[in-house]
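Novice: please find the sequence and the predicted model below.
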Amino acid sequence: MSTLLTIVLIIVALVALLLIIALFVARDFAIEEAVIINKPRSLVFDYLKHIKNQDNFNPWSMMDPDMKKEYRGTDGTVGFVSTWESTKTKGPGQGEQEIKQVREGERLDLELRFIKPFASVSPAFFSTENTNTDQTKVTWGISGRMPYPMNLMIVGMGMNKQMGRELQNGLQTLKKVLED
């Protein structure tokens, strides 16, 4: 057997193995990170519910400060939509997020609709709770479903761990912005 044929067979076998593994890997993911901010809950929530403020702490917004952004509706209210489009290779791609529900002072529910590099829809949220009168626990979460065989990214690329780090970095930046 020629060396080239052996190499091709090995590659085909590896691809087949990965596709078989993907059949057994979870397709759903849910990631949550939290931080304590030394500010009152009302101040923290009022800042979070305005999507335009994410430019100051969201790690994906900060990847490409020159990305094209558009807004529809009234920021901080249900139905507000923020769209983005980045041309950077390692940028956040293209998509939009919409405020789906606001429970004043408690929780902001969002829907992230990604267009590029691949289409998907993921619910996300920010929640706030008092830890005492001048401290607020902020939780940032995102969940979704990865189609087969893209679900290999959940395990193979450590997507949960990597995205968790990004959320935590954003929360640490938010803490710094609000406490300074």
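Specialist: Thanks, I have it. Residues are numbered from 1 along each chain as shown.

Novice: residues contacting stretch 122-129, please?
Specialist: With contacts defined as C-beta atoms under 8 Å, 6 or more residues apart in numbering, stretch 122-129 is touched by 41, 44-45, 48-49, 97, 100, 105-112, 114, 136-144. In this view, the C-beta of every residue, glycine as well, is placed from N, C-alpha and C.

Novice: A strand includes residue 6, no?
Specialist: No - Residue 6 is assigned helix when assessed by DSSP: H, G, I helix; E, B strand; the rest coil, not a strand.

Novice: from residue 78, how far out is it?
Specialist: Between residue 6 and residue 78 the computed distance is 60 Å (C-beta to C-beta, to the nearest Å).

Novice: kindly report the same for residue 56.
Specialist: 22 Å.

Novice: any chance you could map the helices in this structure?
Specialist: For the chain, the helices defined by DSSP state H cover 3-24, 41-48, 59-63, 152-156, 159-179.

Novice: now tell me which helix or strand of the chain has the poorest mean pLDDT.
Specialist: helix 152-156 (a mean of 65; mean pLDDT, DSSP states H and E).

Novice: what about the protein, any weak spots by pLDDT?
Specialist: Counting by pLDDT under 70, the ranges of the chain that qualify are 1, 151-160.

Novice: let's see that with 90 instead.
Specialist: Judged by pLDDT under 90, the chain has its weakly predicted residues at 1-30, 60-66, 87-92, 116-120, 132-133, 144-164.
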